[in-house]
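Asker: can't give you the sequence, but here's the structure:
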């Protein structure tokens, strides 16, 4: 387990060993901190047939019972996971609920992990409510989210919220060194130091545009030597990353200068709206970027 999440996992495992763990947990935290990993290890502990009956200082699954072996093989019959690249539809939730309603096949616990729970549609969220309110015996639901504010209030009110910490910059640097990445660019650390799993993906597979290129082109926009439409077309495949970087740049500008702050805050608001737009399937990413870049060029 990642060093910054070890204490959280131990606290949850100790509560599980003491039979005081809430049946529905919302594991919330920044994208790229390891929510999936902590859910998997907690789920393995809940399903383990040989877990201790009393809390101990350092808990974990036994690793050799039938349940642990099936989990290692990736085919445990009482572990269910829901994930989607876009939105979690109602059919996926109903199918999982149907499976949870029966008895555990190994006569132990049943665990449902919902990745990116904030992508549930309103219908799918409503379909989950009854199970959140009245779960079958020894059933645990683990909802993971980097945007819990997007969840329905009815879902939030029925879950125990567990805020997972991001690493400190030093923890991130130490982990990167252990992973074989000792010389990560300082700009990437500044941008993604609190989301190390996102950072390492950028290191392994760099985006087509880098942050410095973005900053340089913002300067060209200010003096009218860059075309917003051409930049938007060039950057459309990295639209989500570009908008995130624009927000970082705007915050840095606000910290560095007391001039033109109203416009900077307006642009930051546009970026927030753009993030929402880019979540929609089929959205015209180029148009979203054009609107932001044109506004920056016009005001500059």
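Answerer: Everything's here; your move. Remember, it's a predicted structure, so these values are computed and weren't measured experimentally.
Asker: tell me the contacts of the residue positioned nearest the centre of the chain?
Answerer: Taking Cα atoms, centre = their mean, the centroid of the chain lies closest to residue 31, which sits 3.4 Å from it. When the contact criterion is Cβ atoms under 8 Å, 6 or more residues apart in numbering, the partners of residue 31 are 146, 195, 198. (Each C-beta comes from the backbone N, C-alpha and C, glycine too.)
Asker: one more time with 10 Å, if that's ok
Answerer: 116, 145-147, 166, 192, 194-195, 197-198 (Cβ atoms under 10 Å, 6 or more residues apart in numbering).
Asker: repeat for residue 208
Answerer: By Cβ under 10 Å, 6+ apart, the residues touching residue 208 are 234-235, 237-238, 241.
Asker: most neighbours, which of those?
Answerer: Within the contacts of residue 208, most neighbours by other Cβ atoms under 10 Å means residue 235, with 23 neighbours.
Asker: assign the nearest residue to that residue once chain neighbours are set aside to helix, strand or coil.
Answerer: Once flanking residues are discounted, residue 235 sits nearest to residue 242: 5.0 Å by Cβ to Cβ, 6 or more residues apart in numbering. The three-state label given to residue 242 by DSSP: H, G, I helix; E, B strand; the rest coil is helix.
Asker: numbering from 14 from now on, please.
Answerer: Yep, numbering from 14; the last one is residue 255 now.
Asker: hmm, residue 299 and residue 255 touching each other?
Answerer: No. Checked against Cβ atoms under 10 Å, the pair residue 255 and residue 299 is beyond contact range at 11.1 Å.
Asker: compare the two (neighbour count), which wins?
Answerer: Taking neighbours as other Cβ under 10 Å, residue 255 and residue 299 compare with residue 255 leading, 27 against 17.
Asker: so residue 178, which state does it fall into?
Answerer: Applying three-state DSSP: residue 178 is coil.
Asker: correct me, but it touches residue 185?
Answerer: No. Checked against Cβ under 10 Å, the pair residue 178 and residue 185 is beyond contact range at 11.9 Å.
Asker: and for those two, which residues touch both?
Answerer: 17, 46, 207.
Asker: surely the last one is in a helix?
Answerer: What that stands for is residue 207. No. Counting by three-state DSSP, residue 207 is located in no helix; its state is coil.
Asker: distance of the residue nearest to it when sequence neighbours are not counted relative to residue 42?
Answerer: Closest residue to residue 207 apart from its sequence neighbours, by Cβ to Cβ, 6+ apart: residue 179 at 3.9 Å. According to Cβ to Cβ, to the nearest Å, residue 179 and residue 42 sit 7 Å apart.
Asker: quick one: which of these two has more around it?
Answerer: Counted by other Cβ under 10 Å, residue 179 and residue 42 do not tie: residue 42 has more neighbours, with 23 against 19.
Asker: residues contacting the nearest residue to the more buried one once chain neighbours are set aside?
Answerer: Excluding the flanking residues, the one nearest residue 42 by Cβ to Cβ, 6+ apart is residue 177, at 3.5 Å. Shown in contact with residue 177 (Cβ under 10 Å, 6+ apart): 15, 17-18, 21-22, 40-43, 46-48, 51-52, 157, 159.
Asker: show the pLDDT at residue 177.
Answerer: In this model, residue 177 is scored at 97, pLDDT.
Asker: now the one 10 residues further on
Answerer: According to the per-residue confidence, residue 187 scores 92 in pLDDT.
Asker: what about it, neighbour count?
Answerer: 13.
Asker: quick check: the gap between it and residue 213.
Answerer: Look at residue 187 and residue 213: by Cβ to Cβ, they are 13 Å apart.
Asker: in this structure, which strand is the longest?
Answerer: strand 152-158 (DSSP state E).
Asker: listing partners with orientation, what would you give for that one?
Answerer: When pairing is defined by DSSP bridges, strand 152-158 lines up against strand 37-41 (parallel), strand 123-127 (parallel).
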